[in-house]
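S.K.: Below is the structure, and that's it, no one-letter string:
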């Protein structure tokens, strides 16, 4: 029986990301889905004879920005190609992609491993259009072309990932980049980011690559790790049994319900895509001026933002990590911070968001960002805590209220509930304190004798009777 | 050079999704063989250092400049009813096809 | 009035604009001719009697209201049936598209309608423009007005025949390897293939995307120049459209060719024989008499044009026609139990043999293991062909050749279309290089079959080529002679 250390795992990822342009890649139809079938269509994306593809300027710019964000070479001249395959979701029975000369080449990202930083190479990234969607019913399948022609970027990593967790870290980094440059929301529940993994395993020290198995269309990081680990184990088991075994190159789909890999039914010549230059699209020329403009306007990426949070806002490594995982959350945090007394409130704000509110949202079965609590209100809450208008115990109760009534501000909640009002009137407090001192003479003795705990006890008693 | 056979023709039929009648296949095989034998003459021409013809060459003319890229603004849509008018079978706004089978064999 | 069809398109337009004749009268005259001659000629797939008369009435109204009238006002035109008119059927001469209703108009069509042209009908063609005789149409076999046993040529055979018989004043065709020029030559009329990208391909059902161009056919060079002024301009819906607006052509027309240098590829043409050869030599003399100088040019590489074309055009066609799968358009058979069967049955019953053959050939030359040997090789030789023209144009203004090495052949005389392919040798080169090329009738042979001169120019010199064609035409205008039986 061998151990994992005896095996060299070789993983490459191909990630497809839907860009958030207003219109499709080659068609002026709107780039949104979810409406009734066949609404967001044009003559181009439905493959009408006589129609011609018109490349979207914004998609090109987003592709260039991605290339800049991953330190890649931007091809000054790239071109498009026809990739032929017949399937009902394909209006033309060919996809327009960039096979021979992609727009982005030779980039890299860095991922943080346990005690090191690894550079993951990106071989290439290119633009291509998406297919329509199939809806399966018992007696027929329905084809909807709303998504046909949607703009995709495909990012191809070098086969340099060594484990499922590395693959997930890399994929998360890619997702984060797209969010931070504003080129895609990369929402995996909506299929805006899909991953294909290529996995092969060989004994340590072997230099030639063995046949790989491709797992297609994975749409969660959790399933990615599950599927990859499963495939690694499977391949190791086969080679352990017979060191000379040859694993057939195949394509699988991961079933998230059964948690199994299923070999997809392959047609005999399905792999011959007969790539051919797309004659309808002239070569794409990228001018220096465009690259300069996009370089200057490249938004702050996640890594830089995390560092800024750690260095300038004094956030902990973990807090910075959590807050920047989704750009929308980081934006929320900064907006909320602007409603706090100063940037010194950052840590308190970070705790309240990532612990108190995250916890409450989880209990309610939601993601925090979908609770609809405006940034201003969270900022107000922190302000109330910091200027001691309320105690943190009261703040927790207020937080509960805010979850139930997200559009009500903390100030309003405090005003509506007298229990939350701070007591500052000595006329009210003094009699209470008097009573407590009378009720607990031994504590007074204790305090006189230097027992600090006595004060806390007395204070606690006061708080109990004033309900905070 | 080209031993173009009926087997090769059948393979092409599969790739192109055209099923020819049996009697057509012999004729087509012959035809294609003839054409492929004819185009073999291209190997006479030395092209080691020759570039590939590309669309750029159409632009090498006085006063020729390429089309600018399309702006990212919604434009001329195809109404659903007009689209479906040419579709042979449709249901509830979708194009209707025989049921597409899901992948089968388990890999375990 | 009953000689209206012998007049030039410009003259007809002027008669209309000046109030001497009504649009309804024009249309009625031509409809009468169409209904008289088309049943035998079989040029029209569809005749738009009602629409044409309606449009004519509206145009008369427009004129009565003294509104400005378009450049093609009142002109009865025909559209090759691979080019869309919104709301009308486009068959491409194929059973597959028998019921396909175009959801939009081709830009070229729209531009002509905006200039008040009147569309009389859709014209027959080889299925999906694949052929040189129009015999591959799934619907009808068009005849040559000069000799009804002969082909009008192809693939724009219906367009050429209809013009030749004077059933319309102007027609569109499309040219991929000679499909405008060759039928124009066979039918004794003029035809023009513009510079690639000069006329929008939006709305033209694609065959060879890097080769296709819509172009005019007409009895006179001035007529086709009139259409080019309307349709030859940039189109934002065609990504291969050149960024050049429309240009005036007619105003530059003269018969002066002084100072012009015409290149003749003598070696390439050494196999020319018979009356086509003598006619060509005569044409060259006519050009000299206008003041042009003739020089020899080396275009030997062009002898590989046919091989290059049949690899590249079929490769592009195999992908362009992949969309015809029975799912989104075309006929479906109820027996299909899976989508693969939908594809197979639809494509088998919808496509004719020539189309199938070319799709299969195109699939082959792109397939893994063969692409380098065929497709890439052809692309490289295409480069050499374009380069040879470029070099020739360094010392010449135009290049002259016959349009075809033969005259119109008898219908059914090519059971094996391969022999027919070999006759495209002189028209294919200009398509491969994307150059403007005109075919102008030069003579009639002893069998009463027309022959033509082809003049090719550098890219975007469309106006110059048309002008040279005009100058040549005027030395012995053949449009004055109508084919017997269509007077």
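M.R.: Cool, the structure landed. Being a predicted model, the structure only gives us computed values, none of them experimental. Numbering: from 1, shown residues only, chains lettered A, B, ... in the order given.
S.K.: Excluding chain neighbours, what is closest to the residue nearest the centre of chain B?
M.R.: By C-alpha atoms, centre = their mean, the mean C-alpha position of chain B lies nearest to residue B:16, the distance being 7.7 Å. Counting by C-beta to C-beta, 6 or more residues apart in numbering or on different chains, residue B:16 lies nearest to residue C:363, which is 4.6 Å off, once chain neighbours are set aside. (Glycine included, C-beta is placed from N, CA and C.)
S.K.: How about residue A:174?
M.R.: residue A:15 (5.4 Å).
S.K.: What residues does chain A have near chain C?
M.R.: Residues of chain A found near chain C (C-beta under 8 Å from any C-beta of the partner chain) are A:43, A:46-55, A:82, A:84, A:86-88, A:91-94, A:141, A:143, A:272, A:274-276, A:279-282.
S.K.: which residues sit in contact with the residue nearest to the centre of chain B?
M.R.: Residue B:16 is in contact with C:318, C:322, C:347, C:359-360, C:363, counting by C-beta atoms under 8 Å, 6 or more residues apart in numbering or on different chains.
S.K.: So which of the residues of chain A next to chain C sit within strands?
M.R.: Residues of the residues of chain A next to chain C located in strands (DSSP state E): A:82, A:84, A:94, A:141, A:143, A:276.
S.K.: show me where pLDDT drops low in chain B?
M.R.: Within chain B, the segments meeting pLDDT under 70 span B:1-2, B:60-64, B:102-108.
S.K.: okay, now the closest residue to residue C:115 other than its chain neighbours: neighbour count?
M.R.: Spatially, and ignoring its direct neighbours in sequence, residue C:115 is nearest to residue C:70 (3.3 Å; C-beta to C-beta, 6+ apart). Neighbour count of residue C:70, defined by other C-beta atoms under 10 Å in any protein chain shown: 19.
S.K.: and if you look at residue C:370?
M.R.: 17.
S.K.: The one 3 residues further on too?
M.R.: The burial metric for residue C:373, expressed as a neighbour count using other C-beta under 10 Å, is 17.
S.K.: which ones are touching residue C:473?
M.R.: For residue C:473, the contact set (C-beta under 8 Å, 6+ apart) comprises C:190, C:220-221, C:440-441, C:479.
S.K.: how near is residue C:175 to residue C:183?
M.R.: Separation of residue C:175 from residue C:183 (C-beta to C-beta, to the nearest Å): 10 Å.
S.K.: what touches both of those two?
M.R.: By C-beta under 8 Å, 6+ apart, the residues touching both residue C:175 and residue C:183 are C:156, C:191.
S.K.: Mind checking which of those two has more residues around it?
M.R.: A count of neighbours by other C-beta under 10 Å puts residue C:183 above the other of residue C:175 and residue C:183, at 38 against 30.
S.K.: Tell me the helix or strand right after the host helix or strand of that one.
M.R.: Residue C:183 belongs to helix C:181-186 when assigned by DSSP states H and E. Using DSSP H and E, the helix or strand that follows helix C:181-186 in sequence is strand C:190-193.
S.K.: model confidence over that next one, on average?
M.R.: Averaging pLDDT along strand C:190-193 gives 98.
S.K.: Partner strands of the next helix or strand after that strand and their direction?
M.R.: Per DSSP H and E, the first helix or strand lying C-terminal to strand C:190-193 is strand C:213-218. The strands beside strand C:213-218 in its sheet (DSSP bridges) come out as strand C:170-175 (antiparallel), strand C:190-193 (antiparallel).
S.K.: Comparing the ones you listed, which comes out most buried?
M.R.: strand C:190-193 (a mean of 33; mean count of other C-beta atoms under 10 Å in any protein chain shown).
S.K.: and stretch C:93-105, how far apart are its ends?
M.R.: In stretch C:93-105, first residue to last residue: 18 Å (C-alpha to C-alpha, to the nearest Å).
S.K.: what about the strands in the stretch 251-400 of chain C?
M.R.: Secondary structure of the stretch 251-400 of chain C (DSSP state E, counting those that start in this stretch): strands at C:261-264, C:293-296, C:398-402.
S.K.: out of the ones you listed, nearest to residue A:407?
M.R.: Nearest of the strands of the stretch 251-400 of chain C to residue A:407, taken as C-beta to C-beta: strand C:398-402 at 77.1 Å.
S.K.: Show me what secondary structure element comes after that closest one.
M.R.: Using DSSP H and E, the helix or strand that follows strand C:398-402 towards the C-terminus is helix C:417-421.
S.K.: Pull the residues that contact the next helix or strand after that next one.
M.R.: Using DSSP H and E, the next helix or strand after helix C:417-421 towards the C-terminus is helix C:428-433. Contact partners of helix C:428-433, identified using C-beta under 8 Å, 6+ apart, comprise C:175-178, C:193, C:196, C:211, C:299, C:302, C:305-306, C:308-309, C:312, C:382, C:385-386, C:389-390, C:436-437, C:454, C:456.
S.K.: Check which helix or strand the residue nearest to residue C:115 maps to.
M.R.: Going by DSSP H and E, residue C:70 is not in any helix or strand.
S.K.: So which elements touch the helix holding residue C:183?
M.R.: helix C:157-164, strand C:170-175, strand C:190-193, strand C:437-444, strand C:450-456 (3 or more C-beta pairs under 8 Å, 6 or more residues apart in numbering or on different chains; DSSP states H and E).
S.K.: wait, residue C:292 sits on residue C:261?
M.R.: Yes. Under the criterion of C-beta atoms under 8 Å, residue C:292 makes contact with residue C:261 at 7.1 Å.
S.K.: Counting neighbours, what do you get for the residue of the stretch 51-200 of chain A found nearest chain B?
M.R.: Proximity of the stretch 51-200 of chain A to chain B (C-beta to the nearest C-beta) peaks at residue A:142, 3.1 Å away. Neighbourhood size, residue A:142 [other C-beta under 10 Å]: 21.
S.K.: With residue B:77 instead?
M.R.: 17.
S.K.: Show the contacting residues for it.
M.R.: By C-beta under 8 Å, 6+ apart, residue B:77 lies in contact with A:28-29, A:40-42.
S.K.: so does stretch C:223-231 get close to chain A?
M.R.: No. Counting by C-beta under 8 Å from any C-beta, chain A has no neighbours in stretch C:223-231; the shortest distance is 15.1 Å.
S.K.: next one: that stretch to chain centre, how far?
M.R.: 13 Å (C-alpha atoms, centre = their mean, to the nearest Å).
S.K.: Quick one: mean pLDDT for it?
M.R.: Here the average pLDDT along stretch C:223-231 is 98.
S.K.: Identify whichever of the strands of the stretch 251-400 of chain C lies nearest to residue A:121.
M.R.: The nearest among the strands of the stretch 251-400 of chain C, by C-beta to C-beta, is strand C:398-402 at 51.6 Å.
S.K.: what comes into contact with that closest one?
M.R.: C:260-265, C:268-269, C:272, C:276, C:279-280, C:283-284, C:287, C:297, C:299, C:389, C:392-393, C:426, C:442, C:451-457, C:464-465, C:468.
S.K.: Stretch C:14-21 too?
M.R.: Contacts of stretch C:14-21 (C-beta under 8 Å, 6+ apart): C:1, C:4, C:7, C:12, C:22-23, C:26, C:59, C:63, C:69, C:73-74.
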